[in-house]
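Trainee: Let me see the structure of the following:
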Amino acid sequence: MAYFAVAARFLLLAAVGITGNPSTADAASASPASGWRSDLDWAALTSKLSSSASLIDTSYDSYKDECGPEFSEPSPTNHALIDQPSGMCLPYMFLGWEMSWPRPSKNGHLDQTFEEAVQDLIVNPAVTDLESWISDPTNPSLNLPSKVLFPVVASDVVAAVNFAKENGLEISVKNSGHSYQGASSKKNTLLLNMNRYTHYAPTGIMDCDASILGSTVAEDLSTQPCLLSFAKNKSSLIRVGGGENFDKVYRAVIAANEKEGYKYHLVGGGAGTWGGLGKVASEVQQEADFMVVQLEMVLPNGAHVKFGPTEWEDASAEGFTVPRTKVVSGICRSNPDEHDEEKWIWERCPEDFGIDFNDLWFAVRGGGGGTWGVVTSVLLQLHEYIPVNPYYFNSPPSESEECSAIAPQFAEFKAQYISSPSLLNVTKEHSLACGSPDVASEIWCYGEEDSAAKAAYLLNLPGVPGYAEFTMFVNTNDRFPGKVADSPAPALIGSSVAGVLVPQSWLDESEENMKTVLEYATNTPYYAFGGAAASGSDQANSLSQAHRNAAFMVMNFADDDEANFWGNLFPKMFDISDKTNFPPVFGSNHAGFLTTGPLKEDWTKPCPREWTFEERREMCISFQEAIYGTERLARLEAIKKAVDPQFIFNCMNCIGNNLPEASKSEDEKDDESSSAEIGPPLGNSSDEPSGASFVSSFVAAISTTAVYLLIHII
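Mentor: Purely as a prediction, here's the structure:
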C-alpha cells in the first residue's frame, strides 16, 4: 500500500507542477547550448545531425510530468512510456535514482548498508521519507540524464559518439530501459534514446537463394548472412533496427506470414516493449549465437562497422548443432557522415584500426548491452513456421479454489515435465518442445497443430497460430490495441536480486534435488533454459556455460535461506574446487540491483547484509563475476579496455563499470584523452586473436542473452 501512496504522490507532484527546473515543454524546445554542460559547443553536434534527429535538454520535471502519472494507472504499460517526448521514462520508476534507491546520497550509497536498502525499498517503505525523497528535484541520488539525443540514422550516432569522445563525455543508451540495474539511465551523460531510430523490420525479412550465392563470403559481407544461415539449415532472416522492440518485430513477422502463407517463426520475448526471454520452448535454439547472424554497430572510437562470422566448421561430431565460428570479419563505413543509407560505402577497415572483430563478436553476444557501443541494426535468424499452443492452469476467468489448492502439485509436474521428463514417462522430444516463463502457470508447446488449430478457430485467427500470432492476439493491451502487452507491466521497483541457474546435471542426481529447489525458491522456476541451449553454441560467444547447462532459473532462494544456499546448495550445484576461478552462478536476465556473490575469502558464506556497499564491493564477489565467472569476466574486461579505453560507455553494473579506470573523474579522462594519440575512426579486423583474447562475454544480447538481444533494447 505504501508504494501506491508513493505513486499517487508522484502523480500529484506532476499535477501541481513543483518546479525549480525548466518544464518539460521548455526543456524540449530549449536551445541545445543551454542546460547541462553549456560550456560545450552543442551547435557543432546538431549541425552534423540528420534533419529528423533531435537533441533536447531534460530535467527532473520531465521525468515527473511525463513518466510519473503512468505508474498510477490501473493497468500501466510501457507503450505509454517509451514514446514520451523527453525519452527519459523507465519501466520501473525508482530506476530514476541510483541503485533504484531514492534515499539521498552523495556517493552512490557506498556508505549505506544492504539492510538499509532492503528496509527502505522492500520491508517497510511506509516508515521512511520515501515520498519526500522522490519529490525533491535536488536529491543527489537522482540518476537522470540532462541531455537526450534521438538518433534516426547511423550518422547521428557517429556524430554523438565523436562529440562525446572529443569532449570527455559519457554516453548512456536506451530503448525502453529494460534493465533492473539501471544500465540505461545515468546522470551526467548524453543519453541516446534509440526509440525513433530507423525501423527495418517491416521490410526487413530476407529469403536466401542458394543458386545466386556462390560458396565464399563476399568482401562487403553481403553474402555472409545467407551463407551462415544455410550452414545452420535455415534460409530466412530479418533485419531489426537498434530501436525496434519485439512488439514491432512480431508485427512485422505476422504481416509477412499473412502475406506469404505462414512460413516464418521468430524466437523472441513475451514482453512487447522489451527484448527478453519469454514463453519459449527449449527445443528452438534461442541463444545469441544462433539468433544473431550479423551485427551493425557504432563503436566507442566513432567507427560505423558491420561484422559477423566469415569462416566456420561443422561441430556436430562434438555434439553441437551450430557450426563452430572460426573467423569473424568486419568492414567499416568510409563515409560515416553520410545520412542516406543508399549512399553508404563499406570498405575494408584501415590496418591501424586496432579492434579485433573476433573479440567484439564474443563480447557483444552475451556480455551485456550499453557498454560496447551502439547497435544500429542486427540480422536475426528466422525459423520455419511452427504452430504453438498454450496449456493454461487455473487462469482467469476459470480460476477456482479447487485448482489453487493443487498449485504446488502442478508446479512440481511442470518442473518434472520440462526438466526431468523421464520421471513422468514423457519423451525428451515432447519435453524439449515446451517451455514456461516464471510466475506464469501456463506451459507453451510447439508442434501441437491440432490443438493450435482449435485455438485459432476459437480466437478467430486467420491461420494456425505461431508464437508471434498468439503473443499478439491473446495478449494485446486494451489501451494499445494491436500491440503486444507488457509482461511484466511497469512498476515502482523491479527485481532486487538475481536468479540462480540450477544445473541440469545436479537435478539429474536425485529426485530430491528438484523438491529442494521448489521448496526454497521464492518464485516459480523460469524454464527458458536447457534443451538445445547446451548444444547450440557457436563456441565464440560470452554467454556463460551455466546458462547453457541450466535446467531453469529460480529468482533466488528466500532471503532467510541465503546462508543455506551458499553454505549447502551452492557447493553441490557448482564446481568450486579451483579457488582462483569463481563459477558463473546467476542469470544475467532479470539480475537485480542488489545482486552480489558470497565472501571472496569464503565462497560458502553470504556477503553480510550489515556491511556498507563499499565494504561489500571490496570484500564480496562482484555482480559481474557472479554472472560470468572469473575467467570469462577477465577476458571481457580486457576487451572492454581495448574497445573503449576512455570508458565512454560506462553503465551501471555493465562490463568494466567497477574497474578503477571507469571511476576516474571527467577531468582525469579529459587529461588522458588529450595526451593520448587518438587513432583513426575506421579500421580492420585480424584473423589472429588480439592479446585481449587470452587474458583469461553482446548482446548476450539483444543483450545478454539473445534473446535479451541487446538491440539496445535497454
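Trainee: Span of stretch 548-563 from start to end?
Mentor: 26 Å (CA to CA, to the nearest Å).
Trainee: element containing residue 331, please.
Mentor: strand 324-333 (DSSP states H and E).
Trainee: How far away from the center of its chain is whichever helix or strand comes after that strand?
Mentor: Of the helices and strands lying after strand 324-333 in sequence (DSSP H and E), the nearest is strand 346-347. Computed by CA atoms, centre = their mean, to the nearest Å, the chain-centroid distance of strand 346-347 equals 29 Å.
Trainee: For strand 346-347, which outside residues touch it?
Mentor: Strand 346-347 is contacted from outside by 220, 221, 306, 331, 332, 333, 334, using CB atoms under 8 Å, 6 or more residues apart in numbering. Bear in mind the C-beta positions are built from the backbone N, C-alpha and C, glycine included.
Trainee: So which residues make contact with stretch 100-113?
Mentor: Contacts of stretch 100-113 (CB under 8 Å, 6+ apart): 92, 94, 98-99, 116-117, 120-121, 128, 130, 133-134, 136, 139-141, 180, 182, 493-494, 496, 593, 609-614, 617.
Trainee: Out of those residues, list just those in strands.
Mentor: Assigned to strands by DSSP state E, none of the contacts of stretch 100-113 qualify.
Trainee: Am I right that residue 524 is in a helix?
Mentor: No - membership of residue 524 in a helix is not supported by DSSP: H, G, I helix; E, B strand; the rest coil, which gives coil.
Trainee: so it touches residue 411, yeah?
Mentor: Yes - contact status for residue 524 versus residue 411: in contact at 5.9 Å, counting by CB atoms under 8 Å.
Trainee: got the phi/psi numbers for residue 381?
Mentor: Reported as degrees, to the nearest 10, the phi and psi values for residue 381 are phi -80, psi 130.
Trainee: just the strands in the stretch 551-700 of the chain please.
Mentor: 586-587 (DSSP state E, counting those that start in this stretch).
Trainee: try the stretch 151-300 of the chain
Mentor: Under DSSP E, counting those that start in this stretch, the stretch 151-300 of the chain gives strands at 170-174, 189-193, 205-207, 236-241, 264-265, 292-298.
Trainee: so what does the fourth one touch, helix or strand wise?
Mentor: Same thing as strand 236-241. Under the contact criterion of 3 or more CB pairs under 8 Å, 6 or more residues apart in numbering; DSSP states H and E, strand 236-241 touches strand 205-207, helix 224-231, helix 246-260, strand 374-384.
Trainee: Pipe those into CSV and attach mean neighbour count per row.
Mentor: Converted to CSV, these look like this (neighbours: other CB atoms under 10 Å):
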stretch, mean neighbour count
strand 205-207, 18
helix 224-231, 20
helix 246-260, 21
strand 374-384, 25
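Trainee: Looking at those, which is nearest to residue 152?
Mentor: In terms of CB to CB, the element of the helices and strands packed on strand 236-241 nearest to residue 152 is strand 374-384, at 10.8 Å.
Trainee: which residues of this protein score low on pLDDT?
Mentor: Along the chain, the model assigns pLDDT under 70 to residues 1-34, 269-289, 395-398, 437-440, 448-477, 522, 530, 556-560, 662-714.
Trainee: Look through it and report the residue furthest from the middle.
Mentor: residue 402 (38.5 Å; CA atoms, centre = their mean).
Trainee: need the contact list for it.
Mentor: Neighbours of residue 402 in contact, by CB under 8 Å, 6+ apart: none.
Trainee: and it, what helix or strand is that in?
Mentor: Using DSSP H and E, residue 402 maps to helix 401-405.
Trainee: which secondary structure elements does the helix or strand just after that helix contact?
Mentor: Under the assignment DSSP H and E, the closest C-terminal helix or strand after helix 401-405 is helix 407-419. The contact analysis (3+ CB pairs under 8 Å, 6+ apart) places helix 407-419 against strand 434-435, strand 443-446, helix 511-520, strand 550-554.
Trainee: One more pass at 7 Å, please.
Mentor: strand 434-435, helix 511-520 (3 or more CB pairs under 7 Å, 6 or more residues apart in numbering; DSSP states H and E).
Trainee: which strands and helices sit next to the first one?
Mentor: Yep, that's strand 434-435 we're talking about. Strand 434-435 packs on helix 407-419, strand 443-446, going by 3+ CB pairs under 7 Å, 6+ apart.
Trainee: how about the shortest one: buried residues?
Mentor: When you say that, I think you mean strand 443-446. 443, 444, 445, 446 (16 or more other CB atoms under 10 Å).
Trainee: is the third one in a bridge, and if so with what?
Mentor: Looking back up the chat, that one is residue 445. Listed by DSSP bridges, the beta-bridge partners for residue 445 are residue 389, residue 434.
Trainee: dump the residue contacts of residue 421.
Mentor: 427, 428, 431 (CB atoms under 7 Å, 6 or more residues apart in numbering).
Trainee: Columns secondary structure and distance to residue 630 on top of the residues you listed, output as JSON lines?
Mentor: Shown next, in JSON lines, are those (DSSP: H, G, I helix; E, B strand; the rest coil; distance: CB to CB, whole Å):
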{"residue": "427", "secondary structure": "coil", "distance to residue 630": "38"}
{"residue": "428", "secondary structure": "helix", "distance to residue 630": "33"}
{"residue": "431", "secondary structure": "helix", "distance to residue 630": "33"}
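Trainee: and of these, the nearest to residue 67?
Mentor: Distances from residue 67 to the contacts of residue 421, taken by CB to CB, are shortest for residue 431, at 42.3 Å.
Trainee: For the closest one, grab the count of nearby residues.
Mentor: 23 (other CB atoms under 10 Å).
Trainee: Quick check: the closest residue to it other than its chain neighbours vs residue 525, distance?
Mentor: Nearest residue to residue 431, sequence neighbours excluded (CB to CB, 6 or more residues apart in numbering): residue 421, at 3.7 Å. According to CB to CB, to the nearest Å, residue 421 stands 15 Å off from residue 525.
Trainee: what's the answer for residue 297, then?
Mentor: Distance of residue 297 to residue 525, given as CB to CB: 34 Å.
Trainee: swap in residue 54?
Mentor: On the measure of CB to CB, residue 54 and residue 525 end up 44 Å apart.
Trainee: can you check residue 377 too?
Mentor: From residue 377 to residue 525 the distance is 34 Å (CB to CB).
Trainee: repeat for residue 103
Mentor: Counting by CB to CB - residue 103 and residue 525 are separated by 33 Å.
Trainee: Among these two, which residue is more densely surrounded?
Mentor: More crowded of residue 103 and residue 525, by other CB under 10 Å: residue 525, with 27 against 19.
Trainee: Does residue 644 touch residue 300 like I think?
Mentor: Yes - judged on CB atoms under 7 Å, residue 644 makes contact with residue 300 at a distance of 3.9 Å.
Trainee: where does the nearest residue to residue 489 once chain neighbours are set aside land in three-state SS?
Mentor: The spatially closest residue to residue 489, leaving aside those adjacent along the chain, is residue 76, at 5.3 Å (CB to CB, 6+ apart). Here residue 76 is coil, with the state taken from three-state DSSP.
Trainee: List the buried residues of stretch 536-546.
Mentor: Buried-residue list, stretch 536-546, by 16+ other CB under 10 Å: 536, 537, 538, 540, 541, 542, 543, 544, 546.
Trainee: So residue 524 and residue 411 - more neighbours on which side?
Mentor: For residue 524 versus residue 411, the count of surrounding residues by other CB under 10 Å is larger for residue 524: 21 against 16.
Trainee: Surely the more buried one touches residue 412?
Mentor: No - with contacts counted by CB under 7 Å, residue 524 stays clear of residue 412, the gap being 10.7 Å.
Trainee: Sweet, I'm off.
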